[in-house]
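Asker: for reference, the sequence and a predicted model appear below.
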Amino acid sequence: MLESFKAVLEKEREAEKIIKEAKEQAEKIRKNAQEKAEAVYRETYQNTIAEAKRKSIEIKEQAKKIAESEAQIFIKRAEKLKKKILVSADQKLSEAVDSILNEILS
Amino acid sequence: MGSSENRIIDRILKDAREEAETIVKDAQKSAEMIIEKQRLSARHSAEKEAYSMLKRAENESEIIRGKVSTDIKRRAGWIVLSEKDRLITSVLTEAKNRLVNMQNSEEYFPVLEKLIVDASAVLDGGILEVVLNEKDSTLPLKIDKLEKEISDRTGFQTQLKFSEQKTEAVGVIVKTIDDRIFVDNTFEAILSRRERKLRLKIAQILFNTVD
């Protein structure tokens, strides 16, 4: 009977040790998680900001690209109008000169 | 030791191991939650900053587009305007050249007479000095005829005197005898005086059908 009691007691001590070790391991896991959480916070924050910065640059570059493309259209249109003016005016240069001479001399 | 004791011992260890496993599993779950919570918290905090960053970028984009658009419209307008201006100036230059070259033609003589009469009429006649260039000074101008025409137009007796002074320009400068008032009717001066009006007239002729 005593022997049985001793054996149970020994196994209970062993069981306590198992639980104690598990608690220590759990504590270690939580502690590691706390430490890791700070790093995760920093990393997530930085990544989110970096992504926003990248998008900001992309938005501005895209706007610039669109604006420059629109600008080219405007310039081409102006160059086309310039040629049209030149062709149209070329036929009327003599008329204009004569008109000015008449204005001065009349 | 009997089998019931053995069962108790096994049970003690089994329970202990199960409890230990639960403790570790709970800790792992809790650790994952802590990390996930921090991740969400970081994202939430950063998103506020990121949002204002993107908003700022969008505003700047609008400014960039507006600025480029304004600049380009100005540049495009300038391309068209400068071409129009160049053409108007070429007409004025051609007109000026033709007027200057007219000095060598027959039609110039009556024109010069008219310029003298017009300038003298502006000065309301009287005793006036006529300044010509070297070449025009040799022309056989009929002074009496001109004086009469001026007198008739102004109602004042007029006497014209040819000045010793010479001009380089084509046309005439008429001044009062006291040298206080003069009318410059050289072609260069006439063009300069009327340039604004002439430019408008040229523009109407050259560009009225082009947008």
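Answerer: Cool, got the structure. It should be emphasised that the depicted structure is a prediction, and the values quoted were computed from it without experimental measurement.

Asker: state the mean pLDDT of the helix or strand hosting residue B:196.
Answerer: Per DSSP states H and E: residue B:196 is located in helix B:195-207. Averaging pLDDT along helix B:195-207 yields 95.

Asker: pull the longest strand from chain B.
Answerer: What stands out as the longest strand in chain B, according to DSSP state E, is strand B:158-166.

Asker: got the contact list for stretch B:127-136?
Answerer: B:103, B:112, B:116, B:120, B:139, B:158-163, B:165-170, B:172-177, B:179 (C-beta atoms under 8 Å, 6 or more residues apart in numbering or on different chains). C-betas here are computed from N, CA, C, even on glycine.

Asker: same question, stretch B:10-17
Answerer: A:8, A:11-12, A:14-16, A:18-19.

Asker: how about the helices in chain A?
Answerer: With helices called from DSSP state H, chain A shows them at A:2-90, A:93-105.

Asker: check whether the last one contacts chain B.
Answerer: Which is helix A:93-105. Yes - Helix A:93-105 reaches chain B (C-beta under 8 Å from any C-beta of the partner chain) through A:93, A:95-97, A:99-101, A:103-105.

Asker: and the residues you listed, which are buried?
Answerer: Among those, those scoring as buried are A:93, A:96-97, A:99-101, A:103-105 (criterion: 16 or more other C-beta atoms under 10 Å in any protein chain shown).

Asker: farthest pair within these?
Answerer: The span of those, defined through C-beta to C-beta, is set by A:93 and A:105 at 18.4 Å.

Asker: and chain B, which of the contacts of stretch B:10-17 contact it?
Answerer: Applying C-beta under 8 Å from any C-beta to those, those adjacent to chain B are A:8, A:11-12, A:14-16, A:18-19.

Asker: what is the nearest of those residues to chain B?
Answerer: residue A:15 (3.3 Å; C-beta to the nearest C-beta).

Asker: helix or strand for the nearest residue to that closest one once chain neighbours are set aside, which one?
Answerer: Counting by C-beta to C-beta, 6 or more residues apart in numbering or on different chains, residue B:16 is the residue found nearest to residue A:15 once chain neighbours are left out, at 3.3 Å. Using DSSP H and E, residue B:16 sits within helix B:3-101.

Asker: in TSV, list the ones next to chain B among the contacts of stretch B:10-17 along with pLDDT and neighbour count.
Answerer: Output for these, formatted as TSV (pLDDT from 0 to 100; neighbours: other C-beta atoms under 10 Å in any protein chain shown):
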residue	pLDDT	neighbour count
A:8	85	15
A:11	88	18
A:12	91	15
A:14	93	14
A:15	93	20
A:16	95	12
A:18	95	20
A:19	96	17
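
Asker: compile these into TSV and extend it with columns for distance to residue B:128.
Answerer: As requested, those are arranged in TSV below (distance: C-beta to C-beta, whole Å):
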residue	distance to residue B:128
A:8	147
A:11	142
A:12	141
A:14	139
A:15	137
A:16	135
A:18	132
A:19	131
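
Asker: tell me which two of the residues you listed sit farthest apart.
Answerer: It's A:8 and A:19 that sit farthest apart of those, by C-beta to C-beta, at 16.2 Å.

Asker: perfect, I'm done here.
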